[in-house]
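>>> Have a look at this fold, sequence not included:
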């Protein structure tokens, strides 16, 4: 990447975005998300909050509530440090989002970035954030991603038309990623307000 950079490759918000494509794709994503969310809320409201038991790291616990208590709630009950470092859980052998309510008695594991499961989850989520930043900042069309091979970090292949990205674009991408994280965090607090505590 030595030499004089080509001016047309510099980061610019004047790069043509296919707004029609983005509006269509993003509208479909939001509609799908809202539909799934409504189905899940309806289901949760139709089931009882019976007491449940969990077994985490050989520690049997009672006091959880079916369809209300989450792995993150259990982690917070152990310590704030455990909760802060938990990226994904495993419930009865199945990977489970830490904010997803438990559906019954369970064997529970929590994973941090130091584990394959935690790292894979972090990189997978990071790839989605990168993809959103690339779409919103440069109007690209996402192709292949998120990470598909364990231990290789994360990426998102995308089609940019005539634009070729270089090191000069990273600040704009990073800024877009920080905006995406802010939006995701505010959505999390909207749907799960107790996690802002």
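It's in. Quick caveat: nothing in here was measured; it's all calculated off a predicted structure.

>>> The longest helix belonging to the chain packs against which elements?
Counting by DSSP state H, the longest helix found in the chain is helix 19-46. With contacts taken as 3 or more Cβ pairs under 8 Å, 6 or more residues apart in numbering; DSSP states H and E, helix 19-46 sits against helix 116-138. All C-beta atoms are positioned from the backbone trio N, CA, C, and that covers glycine.

>>> now the following helix or strand past the helix it packs on: how far from the chain's centre is it?
Proceeding N to C from helix 116-138, the next assigned helix or strand is strand 141-142, under DSSP states H and E. Taking Cα atoms, centre = their mean, to the nearest Å, one finds the center of strand 141-142 at 18 Å from the center of the full chain.

>>> Stretch 61-72 too?
22 Å.

>>> buried sites along that stretch?
Under the neighbour-count criterion of 16 or more other Cβ atoms under 10 Å, stretch 61-72 has 64, 66, 67, 69, 70, 71, 72 buried.

>>> Now compare the residues you listed and name the two farthest from each other.
Greatest spacing in the buried residues of stretch 61-72, by Cβ to Cβ: 66 and 72 (15.9 Å).

>>> in whichever helix or strand comes after the longest helix of the chain, what's buried?
The first helix or strand that comes after helix 19-46 along the chain, using DSSP H and E, is strand 51-56. Neighbour counts over strand 51-56 (16+ other Cβ under 10 Å) mark 52, 54, 56 as buried.

>>> what's the average pLDDT for the very next helix or strand once past strand 51-56?
Using DSSP H and E, the helix or strand that directly follows strand 51-56 along the chain is strand 59-65. Averaged over strand 59-65, pLDDT sits at 81.

>>> Ok, stretch 135-142 next?
On average, the pLDDT along stretch 135-142 is 90.

>>> gap between the two ends of it?
Taking Cα to Cα, to the nearest Å, stretch 135-142 runs 7 Å from one end to the other.

>>> Distance from it to the middle of the chain?
Per Cα atoms, centre = their mean, the displacement of stretch 135-142 from the mean C-alpha position of its chain is 18 Å.

>>> What of stretch 102-111?
The gap between where stretch 102-111 is centred and where its chain is centred comes out at 20 Å by Cα atoms, centre = their mean.

>>> Mind listing what's buried along it?
Residues 102, 106, 108, 109, 110, 111 are the ones in stretch 102-111 that count as buried (16+ other Cβ under 10 Å).

>>> Contacts for it next, please.
Contact with stretch 102-111 is made by 52-57, 64, 66-67, 69-71, 74-75, 82, 86-93, 98, 117-118, 121, as judged by Cβ atoms under 8 Å, 6 or more residues apart in numbering.

>>> taking the mean pLDDT, what do you get for that stretch?
Mean predicted confidence for stretch 102-111 is 94.

>>> Show the end-to-end separation of that stretch, please.
One end of stretch 102-111 sits 16 Å from the other (Cα to Cα).

>>> Please apply the same query to stretch 153-164.
Separation of the first and last residues of stretch 153-164 by Cα to Cα is 22 Å.

>>> Residues contacting that stretch, please?
9, 15-16, 18, 123-124, 126-127, 130-131, 134-135, 138, 140-147.
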